[in-house]
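Chemist: pasting the structure only:
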């Protein structure tokens with residue numbers, strides 16, 4: 001059975017804070033962030049908007065890509081979002 005993994009970026013209402021994560025169920029995970037079901041960074045900074053995601057076929061690739069994105073500058077993350085979502089729309093409803 002093939003599994004998919006997602007690397008994603010989320011932000012707050014004003015697009016001032018960026019969060020990078022990885023999951024095998026993006027709808028569930030983004031819902032958890034939006035509804036503040038998990039303590040931590042996204043709850044503290046009111047991160048509710050999915051603005052970027054990638055799909056890969058295996059966990060190792062997903063984790064490596066997440067680390068690559070996290071180690072990049074804020075400007076690189078902004079460029080990544082704007083390459084897929086120049087208006088910074090919430091992509092959750094399109095999943």
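Modeler: Noted; the coordinates are in hand. The structure displayed is predicted, hence computed values, not measured ones.
Chemist: how distant is the helix ranked longest in the chain from the center of its chain?
Modeler: Once the chain is assigned using DSSP state H, the helix that runs over the most residues is helix 59-71. Put simply, helix 59-71 sits 12 Å off its chain's centre (Cα atoms, centre = their mean, to the nearest Å).
Chemist: give me the contact list for it.
Modeler: With Cβ atoms under 8 Å, 6 or more residues apart in numbering as the contact definition, helix 59-71 has outside contacts at 3, 5-7, 9, 20-22, 24, 54, 56, 76-77, 80. No exception for glycine: its C-beta is placed from N, CA and C like everyone else's.
Chemist: cutoff 7 Å now
Modeler: If you take Cβ atoms under 7 Å, 6 or more residues apart in numbering as the criterion, helix 59-71 is touched by 5, 7, 20, 21, 22, 54, 56, 77, 80.
Chemist: just the ones of these in helices?
Modeler: Per DSSP H, these map to helices at 77, 80.
Chemist: most neighbours, which of the contacts of helix 59-71?
Modeler: Greatest neighbour count in these, by other Cβ atoms under 10 Å, goes to residue 7: 25 neighbours.
Chemist: for that residue, what are its contacts?
Modeler: Contacts of residue 7 were listed using Cβ under 7 Å, 6+ apart, and they are 22, 53, 54, 62, 65, 66, 69.
Chemist: cool, and residue 37?
Modeler: Contacts of residue 37 by Cβ under 7 Å, 6+ apart: none found.
Chemist: could you do residue 57 as well?
Modeler: If you count contacts by Cβ under 7 Å, 6+ apart, residue 57 has them with 2, 4.
Chemist: can you show me the strands along the chain?
Modeler: 5-11, 18-23, 49-56 (DSSP state E).
Chemist: now, among the contacts of helix 59-71, which is nearest to residue 13?
Modeler: Nearest to residue 13 out of the contacts of helix 59-71 is residue 77 (Cβ to Cβ; 17.4 Å).
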